[in-house]
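Peer 1: Sequence first, then the predicted structure, then my questions.
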Amino acid sequence: MPVTRLLYPLYQFGGPQLRIFRPNWFFTLVRPGKEQPPDTVQFRIPMEMTKYDVKNYLEKIYNVPVGVVRTRIQHGSNKKRNHLNQRVKKPDYKVAYIQLAQGQTFTFPDIFPEKDGTAAEGSIEDIRKKYSEDEKQKQKLDPRRGGVTDWFGL
Amino acid sequence: MAARRRLPLLFHLKRVHTEAAVTEPAYPPIVHSLTAKSKGAKGRRFEEWVNQTSASPVEEKIASVTRMQRKKFVVYPQTFARNADRWYQHFTKTAYVPGLPGRFSPGQEEQGSPPAAAEAAVRATLPGIDRDAFEDIRAVVTRAILHEHWHEKKPRTFVYREQERLVGPFLRSLVTGLTFSLARYNPLLLQASVDLNPQLNFYWWRGQRIIPKGHRRGRVESPKFQIDDQPHSQIRITQQLPEFTSMEASYAAEVPEITVAPNMMPLFKRQYENRVFTGAKVPDPARYGHTQFHLVPDRYRRDRMARLQQSDQVDVFLRANALSSLFAWTGAQAMYQGFWNHEDVTRPFVSQAVITDGHFFTFFCYQLNTLALSVETDANNPRKNLLWGNESLRLYDRVEDGAVVGLNDDVIALLVQFLANRP
């Protein structure tokens, strides 16, 4: 079969509206590197998506009121070299900055909250901590030797 | 032994005479050097520049302030950015007050009996205008509307050029007609200058940031802003309009604080000539501003915004437009009088604006209380600039069979009051 060029369903006057029912596109919500205003959310989106696609995706599937979408393409660096001195390319990706409508705000949640040292009694972390302390205690030398190594002696 | 005993005697003799001596400094005051590579020297060079600029005449002062070029944020009065009015309020240290100042009677509330209430309002401001004069003014407005929308046949224009073809000429004839018919009652308008499509520029510094990257990394810098505006028309007068409220009344007003960098608005940087211009050069006699008229472009029309489900941004756009244009105009007027960042204004500068898209008219008043917006001058500055604005009002409903249907007298009354404003 001859290779036919696949033309995406380009719109022409009088043609039907393009409708995608089960898009194969997936978003990644990321924490912004630079501080963004409170109504701005940052996503990594597939390269093929446009601003209108992003807006419709969020509004129709997730019911998020979207005000305005701005996108940019981040070039992945091709500078790093591996052990064979070949350049290793990091993949390019598209970033979308979405400003929410209706006065809504969004802050990226803290996924890795700081844990203070004390753990609840009987919990797994507590048992694990005690076990590791016991193991470390077993590795230590006899305190009665006063820090002297056990290479020699009885 | 003997030498040691002689010295204390000499010391006593010396101390007796020093009390009677005059305490004048024997050496000049110790100041930082001018040419050293130190922070003190840089501060002293800056102080010398400030003193030298303050002492020079107006044109040299403006040239000195706008001489150094660096990348600056270009602030567009008519912007697509969301919530632009909050950002612009932060950049210009302006507080927004809903509703017009007490001098102008509110047109919205008196919807029951428009003609009588509107006339009463107009008569309150200007005793010369009576029923016949108001009818004449109504006739002027009606004539302008009918000429553009009924008598003249206008073919379809390009997309996004309808406003400038259909509404632009109407606004121009309205402005000129009203100005020259009200000149009888407001002698200021006889010597006023009506500019059509004037240029308006203003340049200022605001805030502080540390440069993150580049050969100037780590240094403290003040972001610069530039407004380049082209209102549809403006009226400049020879005398200053009176203030709406005292400067002290603005101390309590609230200005939104935004900690995020202006880039996120989105706002973009460019480097080009720093310009401060009111619409005429410095020696022009009509050096104070009276009223500006702005036209809403096709891109921000109400029906288009409604189609994009952004109807709440219409008000935001109008406020941002009025704020930035009027701040630029009053700031430029103040700079033409010799005030600048380090010499704050001693009297408030006042101007008015009307923004319209042909059907809806929105009125704004602005009072510039302070020009000191950079970090060192703004540290103990309680003054804030003020912007008043009212809700949009329809001028007329439609044109049918050569007659204007639903002409709103409140809007005409407000227009008359705005143009009749004088010290």
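Peer 2: Alright, I've got the coordinates.
Peer 1: can I get the CA coordinates of the longest helix anywhere in chain A in PDB?
Peer 2: Looking across chain A with DSSP state H, the single longest helix is helix A:124-139. Taking Å, rounded to 0.1, in the frame of the first residue of the first chain, the C-alpha atoms of helix A:124-139 are listed here in PDB:
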ATOM      1  CA  ILE A 124       5.300   1.400  61.500                       C
ATOM      2  CA  GLU A 125       7.700   4.300  61.400                       C
ATOM      3  CA  ASP A 126       8.300   3.900  65.100                       C
ATOM      4  CA  ILE A 127       9.000   0.100  64.900                       C
ATOM      5  CA  ARG A 128      11.200   0.700  61.900                       C
ATOM      6  CA  LYS A 129      13.100   3.400  63.700                       C
ATOM      7  CA  LYS A 130      13.600   1.200  66.800                       C
ATOM      8  CA  TYR A 131      14.800  -1.700  64.600                       C
ATOM      9  CA  SER A 132      17.300   0.400  62.800                       C
ATOM     10  CA  GLU A 133      18.600   1.800  66.100                       C
ATOM     11  CA  ASP A 134      19.000  -1.800  67.500                       C
ATOM     12  CA  GLU A 135      20.900  -2.800  64.300                       C
ATOM     13  CA  LYS A 136      23.200   0.200  64.700                       C
ATOM     14  CA  GLN A 137      23.800  -0.700  68.300                       C
ATOM     15  CA  LYS A 138      24.800  -4.300  67.400                       C
ATOM     16  CA  GLN A 139      27.500  -2.900  64.900                       C
END
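Peer 1: Distance from the chain centre to it, please.
Peer 2: The chain centroid and the centroid of helix A:124-139 are separated by 33 Å, computed with Cα atoms, centre = their mean, to the nearest Å.
Peer 1: same check, this time on stretch B:338-355
Peer 2: Worked out by Cα atoms, centre = their mean, stretch B:338-355 lies 7 Å from the chain centre.
Peer 1: And that stretch, what's buried?
Peer 2: B:339-345, B:348-355 (16 or more other Cβ atoms under 10 Å in any protein chain shown). Quick note: C-beta positions are derived from backbone N, CA and C, even for glycine.
Peer 1: same deal with stretch B:244-258?
Peer 2: B:244-245, B:247, B:250, B:253, B:255, B:258.
Peer 1: thinking again about what came up before, quick check: mean pLDDT across the longest helix of chain A?
Peer 2: For helix A:124-139, the mean pLDDT works out to 91.
Peer 1: What of stretch A:102-111?
Peer 2: So the average pLDDT for stretch A:102-111 ends up being 94.
Peer 1: Using CSV, write down the CA coordinates of that stretch.
Peer 2: Output in CSV follows, covering the C-alpha atoms of stretch A:102-111 (Å, rounded to 0.1, in the frame of the first residue of the first chain):
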residue,chain,number,x,y,z
GLN,A,102,-14.6,33.7,38.2
GLY,A,103,-12.0,34.9,40.7
GLN,A,104,-10.8,31.4,41.6
THR,A,105,-7.3,30.9,42.9
PHE,A,106,-5.0,27.9,43.1
THR,A,107,-1.9,27.2,45.1
PHE,A,108,0.3,24.2,44.4
PRO,A,109,0.0,21.9,47.5
ASP,A,110,2.9,20.8,49.6
ILE,A,111,3.4,17.2,48.5
